[in-house]
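S.K.: Based on what follows, work out the 3D shape:
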Amino acid sequence: MIEENLHEVLRSIEESRAKRTIADAKEPVRLVAVTKNHGVAEMREAIAHGVTDIGENRIQEAREKFETLERTAVWHLIGHLQKNKAKYAVKLFDLIHSVDTLELAEALDKEAGKSGKRQDVLVQVNLAKEASKSGIYEEDLQPLLEAVDALPHLRLCGLMCIAPNYDEVEETRPLFRRMYEIFQRTKEFPWKTANINYLSMGMTHDYRIAVEEGANIVRVGTAIFGPRQY
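M.R.: Numbers count the residues shown, from 1 in each chain. Below is the predicted model of the structure:
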């Protein structure tokens, strides 16, 4: 089932990419297979069928899997991160999508420095200003980006957002379109060390629209693995 689902997701990504009218129309899309609440056996199967990037939401679950999974993969932290878990995040993850405060960025920078690592991060934007979601508001974004860019042990690589779970998925399109505009503006800023490459947006229910509107990372779990096992 995982192999068939994965092929369907990849096919849908390519179809959506072909519909782009943006400047980055030909840019490939990186698929992060979200393995939250799915076991190591399923992760192994996905990797065996070509998955190279896996995404986890929680530090504790990721730690347990990291110690067991012997296959090579790029690890993405896509869930909210508390600053007291920064040291574990730096040890486990290649790309952290969910930096949303200066305090968290500084904690990650400190731990990365201890580990002799340059930690790749994205800044999460709460474009819809949903109280239930993490992320910095658009009007506060630029100062945070500049502060992250100045931290010596972090590498700012782009932006992430989560769209509201609208009943009608097409309602996500204006938000994704606006997020792409912010991403383009961010790429053009004269950063000191940042390398703005990634716009992470879109999950199982809305990744097709996200890709059409410019996402180059999508985070898909249920469409690959089926419903989460709690």
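S.K.: elements contacting the strand or helix carrying V218?
M.R.: Per DSSP states H and E, V218 falls inside strand 217-220. Applying 3 or more CB pairs under 8 Å, 6 or more residues apart in numbering; DSSP states H and E, one finds that strand 217-220 contacts strand 30-34, strand 198-200, helix 207-212. Using the backbone N, CA and C atoms, a C-beta is placed for each residue, glycine as well.
S.K.: what does that strand contact?
M.R.: Strand 217-220 is contacted by residues 9, 13, 29-34, 55, 76, 78, 97, 160, 198-204, 207, 210-211 when judged by CB atoms under 8 Å, 6 or more residues apart in numbering.
S.K.: Buried only: go through the residues you listed for me.
M.R.: Among those, those that count as buried by neighbour count (16 or more other CB atoms under 10 Å) are 9, 13, 29-34, 55, 76, 78, 97, 160, 198-204, 207, 210-211.
S.K.: who's in contact with G214?
M.R.: Counted by CB under 8 Å, 6+ apart, G214 has contacts R20, I22, D24, F176, R177, M179, Y180, F183, L199.
S.K.: Contact partners for the fifth one?
M.R.: Okay, so that is R177. Counted by CB under 8 Å, 6+ apart, R177 has contacts E213, G214.
S.K.: and with 6 Å instead?
M.R.: E213 (CB atoms under 6 Å, 6 or more residues apart in numbering).
S.K.: can you check the fourth one too?
M.R.: Contacts here follow CB under 6 Å, 6+ apart; on that basis F176 touches M201, A210, E213.
S.K.: TSV for these, including pLDDT and distance to K85?
M.R.: TSV is the format used below for the contacts of F176 (pLDDT from 0 to 100; distance: CB to CB, whole Å):
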residue	pLDDT	distance to K85
M201	98	24
A210	98	27
E213	97	32
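S.K.: quick check, nearest of those to L127?
M.R.: Relative to L127, the closest of these is M201; by CB to CB it sits at 9.4 Å.
S.K.: That closest one contacts A215, correct?
M.R.: Yes. If you go by CB atoms under 6 Å, M201 and A215 touch, sitting 4.5 Å apart.
S.K.: what sits in contact with each of the two?
M.R.: Counting by CB under 6 Å, 6+ apart, M201 and A215 have no common neighbour.
S.K.: circling back: so which one among the contacts of G214 has the lowest pLDDT?
M.R.: Across the contacts of G214, the bottom pLDDT score, 85, is held by D24.
S.K.: how close does the residue nearest to that one when sequence neighbours are not counted sit to Q124?
M.R.: Counting by CB to CB, 6 or more residues apart in numbering, G214 is the residue found nearest to D24 once chain neighbours are left out, at 6.2 Å. As judged by CB to CB, to the nearest Å, G214 and Q124 stand 17 Å apart.
S.K.: Same question for P174.
M.R.: 19 Å.
S.K.: In terms of neighbours, single out the busier of these two.
M.R.: Taking neighbours as other CB atoms under 10 Å, P174 and Q124 compare with Q124 leading, 25 against 12.
S.K.: Quick check: the more buried one is in a strand.
M.R.: Yes. Assessed with DSSP: H, G, I helix; E, B strand; the rest coil, Q124 lies in a strand.
S.K.: For it, give the beta-bridge partners.
M.R.: Counting by DSSP bridges, Q124 is bridged to M160.
S.K.: could you show me where the strands are in the protein, in order?
M.R.: 30-34, 53-56, 74-77, 95-99, 119-125, 154-161, 198-200, 217-220 (DSSP state E).
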